[in-house]
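K.L.:
A structural model of the following input is requested.
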Amino acid sequence: MQKRLILAEESGESNSKMEIEILDPITDVQLDAEIKDMIEPSKAIILYNDDVNDFMHVINCLMLYCDHCSEQAEQIALIVHNSGKCDIKHGSYNKLRPICEALLEQRLSVKIE
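P.N.:
Have a look, this model is predicted:
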């Protein structure tokens, strides 16, 4: 919620007004979480090749849970198939954990490193 404060100053012949917007402060809890995310070491979800999942399942999961476009998901699937593994998402542990858990529920071989 924004509030407006209008200050008026009368000096001689000219009247001037200054308008200031006052924003609600971020709560300490929100600020602490944002700072922790910025200073926490970056982690990555690693996707490993397996003989169970087909390309379409892997591509669909990458698009659904990692927000990758179809081209990026296809490239990752090929890299994993040819190289054995690929990092698929970077961020703080707290942001990656629910994504990793969702991928594990879909039977993909992933872990956070």
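K.L.:
C-alpha only now, for contacts and for neighbours.
P.N.:
Noted.
K.L.:
name the helices or strands packed onto whichever strand or helix holds residue 63?
P.N.:
Here residue 63, judged by DSSP states H and E, is contained in helix 55-66. When contacts are defined as 3 or more Cα pairs under 8 Å, 6 or more residues apart in numbering; DSSP states H and E, helix 55-66 sits against helix 70-83, helix 93-105.
K.L.:
dump that helix to CSV, keeping only the CA atoms.
P.N.:
C-alpha atoms of helix 55-66 as CSV (Å, rounded to 0.1, in the frame of the first residue of the first chain):
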residue,chain,number,x,y,z
PHE,A,55,13.0,-38.6,-24.0
MET,A,56,9.4,-37.3,-24.1
HIS,A,57,8.9,-37.9,-20.4
VAL,A,58,12.2,-36.2,-19.5
ILE,A,59,11.4,-33.2,-21.8
ASN,A,60,7.9,-32.8,-20.4
CYS,A,61,9.2,-32.9,-16.8
LEU,A,62,11.9,-30.3,-17.6
MET,A,63,9.3,-28.0,-19.2
LEU,A,64,6.7,-28.5,-16.4
TYR,A,65,8.9,-28.3,-13.3
CYS,A,66,11.9,-26.3,-14.4
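K.L.:
what does it rub up against?
P.N.:
68-70, 73-74, 77, 88-89, 99, 102-103, 106, 108 (Cα atoms under 8 Å, 6 or more residues apart in numbering).
K.L.:
what angle do that helix and helix 93-105 make?
P.N.:
150 degrees (axes from the mean of the first three to the mean of the last three Cα atoms, to 10 degrees).
K.L.:
where in this protein is pLDDT low?
P.N.:
Scanning the chain for pLDDT under 70 picks out 1-28, 37.
K.L.:
assign residue 46 to helix, strand or coil.
P.N.:
strand (DSSP: H, G, I helix; E, B strand; the rest coil).
K.L.:
most surrounded residue in the contacts of helix 55-66?
P.N.:
Most neighbours among those, by other Cα atoms under 10 Å: residue 77, with 26 neighbours.
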